[in-house]
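structure for this input, please:
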Amino acid sequence: MEVMDADPHREIERKFLVGQLPDDLAAYPSTDISQGYLVSLDDGLQVRLRKKRDQYSLTYKRGLGNVREEREVPLTVEQFATL
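This next block holds a predicted model:
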């Protein structure tokens, strides 16, 4: 079994196709997330702003494919509003 180095700045993207949503979907816990992209380029560079509950962040992603560099920076509400 191959073990990869634990890199805290590496994102491994996984996507799943859901065949059918459960009938009682509203019964599951959920959280509203608001986000938008400041930059999204063909070379894989992305800069995203996100608000989740009372947490605000700026995320920088670089690279192509399923494994990319990712760094997340917490923001204050004032910084988030400015950006």
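
list the helices and strands the lowest-mean-pLDDT helix or strand in the chain packs on?
The least trusted helix or strand in the chain, going by mean pLDDT, DSSP states H and E, turns out to be strand 10-12, with a mean of 86. The contact analysis (3 or more CB pairs under 8 Å, 6 or more residues apart in numbering; DSSP states H and E) places strand 10-12 against strand 67-75. Quick note: C-beta positions are derived from backbone N, CA and C, even for glycine.

residues contacting the next helix-or-strand element following the strand it packs on, please?
For strand 67-75, the succeeding helix or strand toward the C-terminus, using DSSP states H and E, is helix 77-82. Contact partners of helix 77-82, identified using CB atoms under 8 Å, 6 or more residues apart in numbering, comprise 49, 51, 54, 56.

which of those residues are buried?
49, 51, 56 (16 or more other CB atoms under 10 Å).

return the subset of these lying in strands.
Counting by DSSP state E, the buried ones among the contacts of helix 77-82 place 49, 51, 56 in strands.
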